[in-house]
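S.K.: No letters, just coordinates:
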């Protein structure tokens, strides 16, 4: 099916556009997979949009490929170096008042993907994941 690419401003307002693009490129998957994919995209993209550029403008390059029954997607930005996988997962069973702020989105992304990885290459963040979307 090939690799698809879209560049969008790193802005929360672009989330709907990005999700519609990803849904179009991954047609034919189950409703459950589509819902989980939407959650993963939201959690990862919104973190980039809110924090990568520290209030400045920037872009996110999203790449997506369907390989057999799996979708492989990556986000690339030139924002501040940040590896979300360096942070420990929050205890989802802890009371809200006992949990620290943040981290739940990455926890969800980890739980809903088969692989989640981060690299910093040539001054750019590369956050990628794979997920089985078809039986």
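M.R.: Okay, I see it. None of these values were measured; they are calculated from a predicted model.

S.K.: Please report the distance of residue 115 from residue 73.
M.R.: Counting by C-beta to C-beta, to the nearest Å, the gap from residue 115 to residue 73 is 11 Å. Heads up, the C-betas are built off the backbone N, CA and C, glycines and all.

S.K.: need the contact list for the residue most central in space within the chain.
M.R.: By C-alpha atoms, centre = their mean, the chain has its centre lying nearest to residue 44, at 3.1 Å. Going by C-beta atoms under 8 Å, 6 or more residues apart in numbering, residue 44 touches 75, 105, 109, 127, 129.

S.K.: Closest one to residue 93 out of those, please.
M.R.: Nearest to residue 93, judged by C-beta to C-beta, of these is residue 105 at 17.4 Å.

S.K.: Can you pick out the residue with more neighbours from residue 115 and residue 73?
M.R.: The neighbour comparison of residue 115 against residue 73 (other C-beta atoms under 10 Å) goes to residue 73, with 23 against 11.

S.K.: Could you verify that the more buried one is part of a helix?
M.R.: No: Residue 73 is assigned strand when assessed by DSSP: H, G, I helix; E, B strand; the rest coil, not a helix.

S.K.: Helix or strand next in line after whichever strand or helix holds residue 39, which one?
M.R.: Using DSSP states H and E, residue 39 maps to helix 31-51. Where DSSP H and E defines the elements, the next helix or strand beyond helix 31-51 is strand 59-67.

S.K.: Helices - which of the contacts of residue 44 land there?
M.R.: Using DSSP state H, the subset of the contacts of residue 44 located in helices is 105, 109.

S.K.: Let's have the contacts of residue 44 in TSV, adding pLDDT, neighbour count and distance to residue 81.
M.R.: Compiled in TSV, the contacts of residue 44 are given as follows (pLDDT from 0 to 100; neighbours: other C-beta atoms under 10 Å; distance: C-beta to C-beta, whole Å):
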residue	pLDDT	neighbour count	distance to residue 81
75	98	22	14
105	78	16	18
109	90	23	19
127	97	24	12
129	97	21	19
